[in-house]
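1. pasting the sequence and the predicted coordinates here, then a few questions.
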Amino acid sequence: MLLTDINRAVDCVERSWPYPFDTLCCGSLGNIELLNEAARGFVGHEREKFREEASRRMMAILAAAELHGDYRWDVGDKRFNLGLFRALLESDTRSCGR
């Protein structure tokens, strides 16, 4: 059951590449992290496939940032970007209203 869920999540990540943002919270970096974590649940060919895909995507993000001078942010730029902390703040703000 768990491996089925992991495969479904990986399938979703594969279909959403390239994602419009590079953020860890809700973007390409988060998807790369999911691929790396998915690799931990498998052995053999599947494990290597996920790790290689995560590595390939990370290299593509780094190359694009080098070419364009910055990462693809959904809000802000390299000088000011809340990234993961924005998601934590939004979550905390919602929970305070309860």
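-> That came through fine.
2. in terms of helices and strands, where is the residue most central in space within the chain?
-> Centroid-nearest residue in the chain, with Cα atoms, centre = their mean: Gly30, separated by 1.8 Å. Per DSSP states H and E, Gly30 falls inside helix 28-40.
3. what of Arg72?
-> Short version: Arg72 belongs to no helix or strand, going by DSSP H and E.
4. that one - nearest residue in space that isn't next to it in sequence?
-> Among residues not flanking Arg72 along the chain, Asp22 sits closest, at 4.7 Å (Cβ to Cβ, 6 or more residues apart in numbering). The C-beta positions use only the backbone N, C-alpha and C, and glycine is treated the same way.
5. give me phi/psi at that neighbour?
-> phi -100, psi 10 (degrees, to the nearest 10).
6. quick one: it from Leu35, how far?
-> Note on Asp22: its distance to Leu35, by Cβ to Cβ, to the nearest Å, is 15 Å.
7. done for today, thanks.
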